[in-house]
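# Sequence plus predicted model, see below.
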Amino acid sequence: SKDPSSRHPFLQKIWVWLAMQAGIPWVTVSVLMMFPSTMFTGIATMALYNYVWWGALSFPLIWVFISLLRCTRTCFCGLILWIMVVIGSLSVFGLNAMRRQGTEGASSVIFLGMLFSMLCGLCAYSRSTKPNYETCIVFSYTVIPQVLFALFICVFYSYGSGMCIGYMVIITLFALVCKGSAKLILDDEKHYSANESVSASQKMYTDFFSVFGHFSVSYTLLTLPTTLRAPLLRS
């Protein structure tokens, strides 16, 4: 944070960490979907499948919320969080791909694919000329990759068009939070050292609270009359 020129490379690393975290489960689930479901009959008929699935889902959620702790800003703790979230994602979506009850297998591939495409869009934007993370510019980089992926899904799996719309809304909201967090880092309002990119990537999941609070306060200050705004800014 002491060197402004290092912030863009730092943000580039954040998007790469997040893209890998989404891309590894997506590739794994896509490969599992290529195998016949009869290979996983034992999992599909597992008596305690629902308990295992909810346990697997709780695992990455717990690790994501652990990222709220200040001690998780170190490179080592960030890497542990990254690995645990990947393992949890592989477990949840892998179970879906193996059991394939209803559309859970296909929906896993679609969700992870759209998330991965959005993060690839952020990777591309971070390498553009002087990225400033303004909403109007970043929005196209996050939405267009999702639309292209959704069109690909609609061509080969038209039944998934409804899922594409729902997932796009969720993933775009997450992208806007990531954009807001990146803007705070770029403006030196959130401070990290050069080796904390992996931990910063994990905090993107829980930065909703800080991003929403920061920009809502900024908007409130802008809309206040000048006589009320000046004392608050001085304080």
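Ah, there it is.
# can you give me the strands for the chain?
Using DSSP state E, no strands are found in the chain.
# which helix is the longest one in it?
helix 7-34 (DSSP state H).
# May I see the buried residues of that one?
By neighbour count with 16 or more other C-beta atoms under 10 Å, helix 7-34 contains the buried residues 7, 10-19, 21-23, 25-26, 28-29, 32-33. (Each C-beta comes from the backbone N, C-alpha and C, glycine too.)
# Can you give me the neighbour number for the residue nearest to Gln21 when sequence neighbours are not counted?
Closest residue to Gln21 in three dimensions, ignoring its sequence neighbours and counting by C-beta to C-beta, 6 or more residues apart in numbering: Val86, at 5.6 Å. Val86 sits with 18 neighbouring residues when counted by other C-beta atoms under 10 Å.
# quick revisit: for the longest helix of the chain, packing partners?
helix 75-99, helix 104-126, helix 161-186, helix 197-203 (3 or more C-beta pairs under 8 Å, 6 or more residues apart in numbering; DSSP states H and E).
# Off-centre distance for that helix?
9 Å (C-alpha atoms, centre = their mean, to the nearest Å).
# Could you report the neighbour count for Ser6?
Under the neighbour criterion other C-beta under 10 Å, Ser6 is assigned a count of 12.
# Please disregard the earlier target; I meant Ser161.
Neighbour count for Ser161, taken as other C-beta under 10 Å: 13.
# Gly162 versus the closest residue to it other than its chain neighbours, what's the distance?
With C-beta to C-beta, 6+ apart as the measure, Cys154 is the residue that lies nearest to Ser161, at 4.9 Å, once sequence neighbours are left out. In this structure, Cys154 and Gly162 are 10 Å apart, going by C-beta to C-beta, to the nearest Å.
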